[in-house]
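Undergrad: Based on what follows, work out the 3D shape:
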Amino acid sequence: MLGIWSDYILPCLCAFLACVGFTLVFNIHGVGKLICGVGGALGWLIYLLGGSSILAAFWASAAIGLFSEIMARLRRCPVTGYLLVALLPLVPGGGIYYAMRYCVAGDTQQFLDTLLHTFGMASALAVGAMMTASLFRAAYPHLHRSRPAR
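TA: Residues are numbered from 1 along each chain as shown. Purely as a prediction, here's the structure:
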């Protein structure tokens, strides 16, 4: 039980709290704060379950994108706030820092390895979110129209 707590629950709780705190910057109020937190925790959980790899970042970003699109439609709010705040825990800021650290230290091989991994993470986040948004927006009118009339 301690392994599940320290490996999954606590990191997801931290991602939730970080996202809720960051809603202040985006001026998100009320239930929107909790929605952003849940989106961040969901993304972080998928990232951890996927093995903390570039592919895991892609799947986490796709899940956050889908979650944000659905929540924005339900609340009739812009998707951007939910999406950007929930993606924050996945942004590879540490990778950028360490890449520059290796560059300044003159360790070219570590610099290039870290830099390419960081660019891969950032690309996976962008592609996952854009692909999900595009597919959802293409499918939503068909889903919305197929509802029976009341």
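
Undergrad: List the contacts of the residue most central in space within the chain.
TA: Of all residues in the chain, the one closest to the mean position by CA atoms, centre = their mean is residue 87, 2.8 Å from it. Contact analysis of residue 87 by CB atoms under 8 Å, 6 or more residues apart in numbering lists 40, 43, 61, 64, 125, 129. The way it works is simple: take the backbone N, C-alpha and C, and place the C-beta from them, glycine included.

Undergrad: Dump those into TSV; add pLDDT as well.
TA: Formatted as TSV, the contacts of residue 87 follow (pLDDT from 0 to 100):
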residue	pLDDT
40	95
43	96
61	97
64	97
125	96
129	95
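
Undergrad: Format the residues you listed as a markdown table; extra columns: neighbour count and distance to residue 17.
TA: Converted to a markdown table, the contacts of residue 87 look like this (neighbours: other CB atoms under 10 Å; distance: CB to CB, whole Å):
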| residue | neighbour count | distance to residue 17 |
| --- | --- | --- |
| 40 | 30 | 9 |
| 43 | 30 | 14 |
| 61 | 27 | 20 |
| 64 | 30 | 17 |
| 125 | 24 | 20 |
| 129 | 25 | 22 |
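
Undergrad: Could you single out the nearest of the residues you listed to residue 98?
TA: The closest of those to residue 98 turns out to be residue 125 (CB to CB; 17.7 Å).

Undergrad: Contacts only, for the closest one.
TA: Listed by CB under 8 Å, 6+ apart, the contact set of residue 125 reads 57, 58, 61, 87, 90, 91.

Undergrad: which two in those residues are spaced the farthest apart?
TA: 58 and 91 (14.1 Å).

Undergrad: So the two - more neighbours on which side?
TA: Per other CB atoms under 10 Å, whichever of residue 58 and residue 91 has more neighbours is residue 58, with 23 against 15.

Undergrad: Per-residue pLDDT of that one, please?
TA: With respect to pLDDT, residue 58 has a value of 97.

Undergrad: Kindly report the same for residue 145.
TA: 66.

Undergrad: go on, residue 103?
TA: Among the per-residue scores, residue 103 holds a pLDDT of 95.

Undergrad: Settle this for me: it is touching residue 112, isn't it.
TA: No. Residue 103 is beyond contact range of residue 112, at 9.1 Å (criterion: CB atoms under 8 Å).
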